[in-house]
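A.B. asks: Attaching a predicted model along with its sequence, questions to come.
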Amino acid sequence: MIYILYGHDEFSLHEELNRIKNSLGDREALATNTTEFDGKQVVPDQLLDACKALPFLGTHRFVIVEGLLSRFEKGSKIARESEGAEEEQEKVMPKRGWRAEWSELKQRLSEVPPSTVLVFVDGEIRKDNLLLKQLAPLAQVREFPELRGNVLKDWIGIRIKGGGGSISPDAAKMLAAFAGDNLWVLASEIDKLILFTGGRRIEEKDVKEVVSYAREANVFTMVDALIEGRSATAAPLLQQMLDEGAAAPYILFMITRQVRLLVQIKDLSQQKCTRNEIRERLGIMNDFVLNKALEQSRNYSMERLEQIYRKILETDISIKQGIWKGDLALDLLVAELCV
């Protein structure tokens, strides 16, 4: 069986991935028969060898490939990098570039035994994606678009109802405002709200008292804006956190922690570590934190992350030595990184 799961909504996508995994029998037996590939690095023979292998002391082989379809997006950064590699390769081996290598994938997948479940996982891709068009006839294709507006509110209501709770319209609106469209945050906060209210309807005061990830979610967004140099986003978020009572040292600590985490994940990814290996080595148990950090680390170079990290450390030193007050030091940090 082949699945293609893609889209902006990573939370629902990973829930579907877990549903597929849970349908394949004993989890311990499946763990020894699971192989994960980075789509930017894997080559066809590598993937097909894993798919053709029979399960060991289990009923299924489970093969996950993340990010391969993105290589086939017209004009994407990954595609340009791959095309550059293809030009170099064709100097030595004409007409055997990276796209040519994958052109026979559909045909070769017919050799895969029925005991193998192959899942391609990706972010947002276009309908005219070359690999998607090639594999769609063989696969169950499921898109997970971004949830917004009334669709997001409906999702909140369904999620809470499924957990045995209920929520007022105003509270649902406030909850969505706190977490935005980040379903990792929303799901976590919904679970806490249901436990906190103990069966009664969730009201606005409950959301204000219980929701804790809103500020951390803002830190993720701020780090994105700082790395990309978007002062129009970073500056208002910083001011909002300060207005809500967050101390400057706390904000700087949260930013430092996140950037340090991105540097560590980038380093482990370059060492070809899998998602589970990264989780174990860094001790990240929270799925929201792990998935968001993995997403961010893929978007930025190690050089840019190290540059940001050094600048943050300089800001920390300036505050501790009394050179600048905390609020002003953070304003200067935003200004320097977003020039």
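C.D. replies: All right, it came through fine.
A.B. asks: C-alpha only now, for contacts and for neighbours.
C.D. replies: OK.
A.B. asks: Report the buried residues of the helix or strand harbouring Val151.
C.D. replies: Val151 is part of helix 149-162 when elements are defined by DSSP states H and E. Residues of helix 149-162 classed as buried under the neighbour-count rule (16 or more other CA atoms under 10 Å) are Leu152, Lys153, Ile156, Gly157, Arg159, Ile160.
A.B. asks: out of the residues you listed, who's nearest Ile190?
C.D. replies: Checking the buried residues of helix 149-162 against Ile190 with CA to CA, the nearest one is Ile160 at 6.5 Å.
A.B. asks: which other helices and strands contact the lengthiest helix in the chain?
C.D. replies: Within the chain, and with DSSP state H defining each element, the longest helix by residue count is helix 248-270. Contact here means 3 or more CA pairs under 8 Å, 6 or more residues apart in numbering; DSSP states H and E; on that basis helix 248-270 packs against helix 213-228, helix 275-282, helix 287-299, helix 302-320, helix 326-337.
A.B. asks: Quick one: closest of the ones you listed to Glu16.
C.D. replies: When those are compared (using CA to CA), the closest one is helix 287-299, at 14.5 Å.
A.B. asks: and the closest one, what does it pack onto?
C.D. replies: Right, helix 287-299 is packed against helix 183-197, helix 248-270 by 3+ CA pairs under 8 Å, 6+ apart.
A.B. asks: Arrange those helices in TSV, one row each, with mean pLDDT and mean neighbour count as further columns.
C.D. replies: As requested, these are arranged in TSV below (pLDDT from 0 to 100; neighbours: other CA atoms under 10 Å):
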stretch	mean pLDDT	mean neighbour count
helix 183-197	85	19
helix 248-270	85	18
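A.B. asks: And Pro94, what's its pLDDT?
C.D. replies: On pLDDT, Pro94 comes in at 39.
A.B. asks: Can you show me the CA trace of stretch 304-323 as CSV?
C.D. replies: Output of stretch 304-323 as CSV, limited to C-alpha atoms (Å, rounded to 0.1, in the frame of the first residue of the first chain):
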residue,chain,number,x,y,z
ARG,A,304,22.4,32.1,9.4
LEU,A,305,21.4,30.3,12.5
GLU,A,306,24.9,30.7,14.0
GLN,A,307,24.9,34.4,13.1
ILE,A,308,21.6,34.9,14.9
TYR,A,309,22.8,32.8,17.9
ARG,A,310,26.0,34.9,18.3
LYS,A,311,24.0,38.2,18.2
ILE,A,312,21.6,36.9,20.9
LEU,A,313,24.5,36.0,23.1
GLU,A,314,25.9,39.5,22.7
THR,A,315,22.6,40.9,23.7
ASP,A,316,22.5,38.7,26.8
ILE,A,317,25.9,39.9,27.8
SER,A,318,25.0,43.5,27.3
ILE,A,319,22.0,43.1,29.6
LYS,A,320,24.0,41.3,32.3
GLN,A,321,26.8,43.8,32.3
GLY,A,322,24.3,46.7,32.5
ILE,A,323,25.2,48.2,29.2
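A.B. asks: So what touches the longest helix of the chain?
C.D. replies: 216, 219-220, 223, 241-242, 278, 293-294, 296-298, 302, 305-306, 308-309, 312-313, 316, 326-327, 330 (CA atoms under 8 Å, 6 or more residues apart in numbering).
A.B. asks: tilt between that helix and helix 275-282?
C.D. replies: For helix 248-270 and helix 275-282, the angle between their directions (axes from the mean of the first three to the mean of the last three CA atoms, to 10 degrees) works out to 130 degrees.
A.B. asks: how much does helix 248-270 deviate in direction from helix 326-337?
C.D. replies: Angle of helix 248-270 versus helix 326-337, following the same axes, to 10 degrees, is 40 degrees.
A.B. asks: Restricting to C-alpha, output helix 248-270 in CSV.
C.D. replies: The C-alpha atoms that make up helix 248-270 are tabulated as CSV, following Å, rounded to 0.1, in the frame of the first residue of the first chain:
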residue,chain,number,x,y,z
ALA,A,248,12.9,40.9,29.0
PRO,A,249,15.3,38.2,30.4
TYR,A,250,12.6,35.6,30.0
ILE,A,251,11.9,36.6,26.4
LEU,A,252,15.6,36.5,25.6
PHE,A,253,15.9,33.1,27.3
MET,A,254,13.1,31.7,25.2
ILE,A,255,14.5,33.1,21.9
THR,A,256,18.0,31.8,22.8
ARG,A,257,16.7,28.4,23.7
GLN,A,258,14.8,28.1,20.4
VAL,A,259,17.7,29.2,18.2
ARG,A,260,20.1,26.9,20.1
LEU,A,261,17.6,24.1,19.5
LEU,A,262,17.5,24.9,15.7
VAL,A,263,21.3,24.8,15.6
GLN,A,264,21.4,21.4,17.3
ILE,A,265,18.7,20.0,15.0
LYS,A,266,20.4,21.4,11.9
ASP,A,267,23.6,19.7,13.0
LEU,A,268,21.9,16.4,13.6
SER,A,269,20.0,16.6,10.3
GLN,A,270,23.3,17.1,8.5
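A.B. asks: tilt between it and helix 287-299?
C.D. replies: Computed with the same axes, to 10 degrees, the direction of helix 248-270 lies at 70 degrees from that of helix 287-299.
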